[in-house]
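K.L.:
Sequence first, predicted coordinates after that:
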Amino acid sequence: MDPWSRLREHTQARIGLGRAGDALPTKALLEFQLGHAKARDAVHGLADFDRIASELAPQEAVHVSSQAKDRAEYLLRPDLGRQLAQHTLVRGEYDLALVIADGLSATAVNRHSVGVAKSLLQRLSQWKIAPIVLVSNGRVAIGDDIGQALGAQVVAVLIGERPGLTVSDSLGIYITHAPRPGRADSERNCISNVHANGLSVETAAQKAEWLLSQSRKLGYSGIALKENAGGLVSS
């Protein structure tokens, strides 16, 4: 009996792969190459924002871009992915700006962003929500530009996280109170690992609802805001 088999039942990590001579066994090597290919596809793929906007209806959605003109520039110039290109966003008096950005995994955005957004909107039905902003070639901090442009109290950015060789479709949620350019990462709260083998859509939405409500109530976000969302649904 393979002594590693019981451990593999509890992790997706590649452990106890064995060897064939001085190399990996063929099956393990092919699985590694498949994981690498999925990660590359996630980074270089395109988010299907037309479908996402359609599935979010009747909630209004607006498609914008960062200052990175394509994926190559986006990967080489992270600073451009943090800055909003010319836009037609209209300032209002909103409680929340909800942003969906492709980030480093279009796969994650295509699979999970609609479910998280819908669940979150249901939970925040009494909030005044700005039109959802869909961002091509966006990074987390672009939410600061968008939140300020819309005049929102808080911004939540749903974004594809950097893929690994085991999980290529992980979605993250970043929450920032009083968004404006120049906000530090320490001023954000992050919910990570939203995918089939991580946090469920409902658990992520419940965590986000708690953080957003506390951020709005207390007037800050980031390291000063500690999560204490009891009674979470099972992931």
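P.N.:
Noted; the coordinates are in hand.
K.L.:
Ala28 is in what secondary structure piece?
P.N.:
Assigned by DSSP states H and E, Ala28 belongs to helix 26-44.
K.L.:
same thing with Gly147?
P.N.:
Assessed by DSSP H and E, Gly147 sits inside helix 142-150.
K.L.:
mind checking how far the strand or helix carrying Leu211 is from the chain centre?
P.N.:
Element membership for Leu211 (DSSP H and E) is helix 201-218. Distance, stretch centre to chain centre, for helix 201-218: 15 Å (Cα atoms, centre = their mean, to the nearest Å).
K.L.:
Please renumber the chain so that the first residue is 425 from this point on.
P.N.:
Let's use 425 as the start, then, which means that last one is helix 625-642.
K.L.:
Contacts for that helix next, please.
P.N.:
With Cβ atoms under 8 Å, 6 or more residues apart in numbering as the test, helix 625-642 has contacts from 519-520, 536, 539-540, 543-544, 547-548, 577-578, 580, 595, 597, 599, 601, 613, 615, 618, 623, 645, 649, 651-653, 656-659. Placement of C-beta: from N, CA and C, glycine included.
K.L.:
Just give the nearest non-adjacent residue to Leu508, would you?
P.N.:
Distances taken as Cβ to Cβ, 6 or more residues apart in numbering place Asp569 nearest to Leu508, at 3.9 Å, with adjacent residues excluded.
K.L.:
After the helix holding Gly571, which helix or strand is next? Please name it.
P.N.:
Downstream of helix 566-574, the next assigned helix or strand under DSSP H and E is strand 576-584.
K.L.:
Pairing partners for that next one, with directions?
P.N.:
If you go by DSSP bridges, strand 576-584 pairs up with strand 518-525 (parallel), strand 595-601 (antiparallel).
K.L.:
Make JSON lines out of those strands and add mean neighbour count, distance to Ala477 and mean pLDDT.
P.N.:
Formatted as JSON lines, these follow (neighbours: other Cβ atoms under 10 Å; distance: least, Cβ to Cβ, whole Å; pLDDT from 0 to 100):
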{"stretch": "strand 518-525", "mean neighbour count": "26", "distance to Ala477": "9", "mean pLDDT": "98"}
{"stretch": "strand 595-601", "mean neighbour count": "25", "distance to Ala477": "17", "mean pLDDT": "98"}
